[in-house]
Each structure stands twice: as structure tokens, then as C-alpha cells.
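1. Here's my sequence, what's the structure:
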Amino acid sequence: MKKWNSITATVAAISMLLGTAPVAWAQQPAAAIAQNAQTSVNLDPTATKRLTDVLNTLAGKQTIEFTSTDTSFDAWTVNGTLSGTANADFIQNYDSKKGIVQSTSIIYDAADLNKVMDNNLRSKVASFLKTFDSDGVFKTDAVWRVYSPDDEGELKNYWVLWGHDQSLYIDLDQGNKITASIMYSLKDVKASLSNKANRSLKTVGIASSNPFEYVFRQHEGNDTVWNFRDDNELNNVLIGVKTGKVWAVKNELGMDWTGEKDFVKAFAKPKLSQTQALSAAKSKVQSLFGINLKGYTVKIKDNEYTFSQKGAVTVVGKINKKGAFYSLEAMPANGVRN
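-> Numbers count the residues shown, from 1 in each chain. This is a model prediction of the structure:
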């Protein structure tokens, strides 16, 4: 959901994870330090218990050792190890003023996956990868168990399987919903797909564009698509993995306002009427998606134009100050894009 190599990449991602807004673990009364927790750092009993309680909830009762802390700020960073079912490293954020655990990440070796993840979940992952990764290129290098219950993002309680430029998230709060991504170099993707992506970007018609730099095969929600994009994700094209249909094209180099105030001023009134919008979009929509906009109605909000017809594919386009579409996206009535 957001811009997602092996173990080195996971270390960088931990730093990003722990920089998120504080999230709370339910506070519990101060009590004696849990017997299975050892500490070689200066942590008070209340903090130690609260940190330990989270780890026990996520990993079961293991031997816990807190090995280092950074208490320079109110938000402490606490590092340690687990041993027992499997050896692991962990890192936690603890708000010393509020007395709450902000986030916890437990990092396991890929070889220990069978020890730490239950059979049903592993079976679901294997079944998913059999379809999603038909080439068998997904190779797990590390496994994380993460808990951030009040995080501002969608994921709060989840597993992550990391590979080389690969990831698979399992959202435990959303029925074990899987989101996955595998990055490919352009040379490893069929030329016909690359050509289609380039043609689609040209069809949108913005004068400037960035060359595509890599491709993601990704699954998110009801989308299973190839995502061609440049490094800054200013240009991207989504193509269904199964159907080969183009589903979305975006070129943000066509965004020509200078800031929020300029945006509000520019689109305070509709830049295009419904008739003008249909006229401006129809040839592009036909060329990109094979959709004839005859009989479609238009809904306008700021710079966004939604073309819809009952039971048919909905198309959403965004325009710049000149009234030119820089983004067009199609959504089928059943919501499935593949």
C-alpha cells in the first residue's frame, strides 16, 4: 500500500518502521520482572515487564535477553535476542513517558520459518506463491513478526517474508490477507509487456516522461499486476498478470500546480465540463482500455473526473491546470484486476 536487497534491506526497513508514530500496547500494572527475561542493560522493572509481555504474546514463552538500549530520548530503542523455539533478534520502541511499547519487530532466520509460523498459515503462503510466483523466483531470506497495534498505516499485526527485492506480508488482523511483491529488471520481462507499458505512457500524452527503471509483479487486494515504474514512481503503468490488460497509467510530470493553494485555486471550479471531459478522454480511454465512453456519466471533484456506467468498467482520470489528463485508471465492476 506506499515504495517496498535481502538482509541489508531489512535493516534499513527496521529503521523506517521504528520511526513511525507512537503506538500503544495495553498498559499493565508494574510487577516483578518475568523470570524468562534477562537483562544486561539498565531497564527498570516496569519497562522490562511491558517489553517482555509483548514478546511473550508474539513469540510464546522464550528466553529473552535485552542486550542494548538507547535512552537518549523519551522514545527508547531496545535491542535483544530470543532463544528457545528458534533464535531471533528483536528491536522494540518504548515510550518512557507514557510507559507503553510503541512497536516490536522479531527477526528470524528463514530456515526457522517452520518452527515459528503455524502450519495453516504456511500452507496458505505456499498455495498463494504457487499461483502468484509461477516462475519460482521468490526465496525467503528473513522472516519478521511485527506488532504495532495503533500504527497510522494499514498494517499493525503481521508477518513479513523478505527476499532479494521481494516481500510477502500477511495481515493477521484482516483474515491473513496477503500482499506480495517481486521486483524484476526490465531485461527479465517480456518485450511485449515493456512495449505495451511504453505505448500506454505515450498515449496519455504528457510531453515529459521518465524511462521505466524496473518492474514489480505485485498482488495487493484484488490486483495482481505488473507495475512498470521509474525510481521516483512519477511514471507507472499497471498491466494485469493474467489478462495482459492495461489497468492504470500515470505520469505525475504532468502535474503543473505549485502547491496546495495553487491547486485549490486552479480547481475551485471545474476546469472541464462533463461534455469537454468526455471529449478529452474518449480516444485515450479507448486506446488504453478498449472502453467506449458512449453513454457514460461524469462526476467531477477537484481535478478528478470519474466516468461510470451501471455494470460497466469505471474510469477515473486526473487533469492538470491545462485540462490535460496525466492519469487514467480503470476499475472493473467486480473490482478484480489481474
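
2. C-alpha from now on. contacts and neighbour counts both.
-> Fine.

3. and Gln276, what does it touch?
-> Applying C-alpha atoms under 8 Å, 6 or more residues apart in numbering to Gln276 gives no contacts.

4. Where does the residue nearest to Val189 when sequence neighbours are not counted sit, in terms of helix or strand?
-> Nearest residue to Val189, sequence neighbours excluded (C-alpha to C-alpha, 6 or more residues apart in numbering): Val215, at 7.9 Å. Assignment of secondary structure by DSSP states H and E places Val215 within strand 214-220.

5. List the pairing partners of that strand within its sheet, with orientation.
-> strand 177-184 (antiparallel), strand 223-229 (antiparallel) (DSSP bridges).

6. quick one, helices of the protein?
-> 6-17, 45-59, 113-116, 119-132, 191-204, 260-266, 274-289 (DSSP state H).

7. Specify the stretch among these that is closest to Asp95.
-> helix 45-59 (9.3 Å; C-alpha to C-alpha).

8. what's the closest one packed up against?
-> strand 88-95, strand 100-109 (3 or more C-alpha pairs under 8 Å, 6 or more residues apart in numbering; DSSP states H and E).

9. wait, Gly99 sits on Ala47?
-> Yes: applying C-alpha atoms under 8 Å as the test, Gly99 and Ala47 come out as touching, 6.9 Å apart.

10. give the contact list for the residue nearest to Val189.
-> Per C-alpha under 8 Å, 6+ apart, neighbours of Val215: 183-186, 189, 226-229.

11. cool, and Val225?
-> 217-219, 238-241, 337-338.

12. neighbours of the closest residue to it other than its chain neighbours, just the number please.
-> Excluding its sequence neighbours, the residue lying closest to Val225 (C-alpha to C-alpha, 6+ apart) is Gly240, at 4.4 Å. Neighbours of Gly240 under the rule other C-alpha atoms under 10 Å: 20.

13. ok, Gly240 - contacts?
-> Gly240 neighbours (C-alpha under 8 Å, 6+ apart): 223-226, 246-247, 337-338.

14. what about 10 Å?
-> Neighbouring residues of Gly240 by C-alpha atoms under 10 Å, 6 or more residues apart in numbering: 217-218, 223-227, 246-248, 336-338.

15. give me the low-pLDDT residue ranges for the stretch 51-200 of the chain?
-> Applying pLDDT under 70 to the stretch 51-200 of the chain flags no residue at all.

16. and the strand holding Val215, what's its mean pLDDT?
-> For strand 214-220, mean pLDDT is 97.

17. Could you tell me the average pLDDT over stretch 317-331, please?
-> 98.

18. Endpoints of that stretch, how far apart?
-> 11 Å (C-alpha to C-alpha, to the nearest Å).

19. can you give me how far that stretch is from the chain middle?
-> 24 Å (C-alpha atoms, centre = their mean, to the nearest Å).

20. Ok, stretch 230-239 next?
-> That offset, for stretch 230-239, works out to 15 Å (C-alpha atoms, centre = their mean).

21. Just the terminal-to-terminal distance for it.
-> By C-alpha to C-alpha, one end of stretch 230-239 lies 15 Å from the other end.

22. repeat for stretch 111-128
-> The first-to-last residue distance of stretch 111-128 comes to 20 Å (C-alpha to C-alpha).

23. Next, the buried residues of that stretch.
-> For stretch 111-128, burial by neighbour count (16 or more other C-alpha atoms under 10 Å) applies to 113, 125.
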